[in-house]
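Peer 1: Got a predicted structure here, sequence first:
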Amino acid sequence: MQPIIDHIHITVKDLQRAEQFYDMLLPMLGFDLELKERDSVPEHEYEIIEYHHRNFSFGIVNERKEYENEQVSRRKAGALHHLAFYAESIEEVNDLYQKVKKIPAEIVHAPQYYPEYAKDYYAFFFKDSEGIEYEIVNFARKVYFPENER
């Protein structure tokens, strides 16, 4: 089996607010809003908005009412710590940084090198409208997988 991600679903506190955010962010990352769809399963209090791309689908799901007072922590077991998207170049990282700054995203770290990860690891980090952390990164993957000469 090849480890290919088919879809990722993120639970959000405010589905409408999150949709507005992801409608701005995901096209920057190559998603086509024409492929966005909604679904609902009322008996399970389940609503989803899913953004499709040929590589994988990204969905935002509503929170159940019983969890609305719980604090979200990316360091809590079972939580998403952060999700990273690979950029083809440092220039693309910088370009996306300028675009992400224009939407209501919280910039955690501006683009910089992280030699503790890899000598050429270049990334920036930001949080979405729900406080979920994301990363845009570029580095030479051949450092880890020499057979994948990029």
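Peer 2: Received, thanks. Numbering: from 1, shown residues only.

Peer 1: Break down this structure into its helices, ranges please.
Peer 2: 15-28, 90-100 (DSSP state H).

Peer 1: Of all those helices, which one is nearest R54?
Peer 2: Comparison of those against R54 by CB to CB identifies helix 15-28 as nearest, at 13.6 Å. Heads up, the C-betas are built off the backbone N, CA and C, glycines and all.

Peer 1: Ends of stretch 117-136, what's the gap?
Peer 2: Stretch 117-136 stretches 14 Å from its first residue to its last (CA to CA, to the nearest Å).

Peer 1: Please apply the same query to stretch 60-78.
Peer 2: By CA to CA, one end of stretch 60-78 lies 17 Å from the other end.

Peer 1: want to try TSV for the helices of the chain, with mean pLDDT and mean neighbour count as columns?
Peer 2: Shown next, in TSV, are these (pLDDT from 0 to 100; neighbours: other CB atoms under 10 Å):
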stretch	mean pLDDT	mean neighbour count
helix 15-28	97	17
helix 90-100	98	16
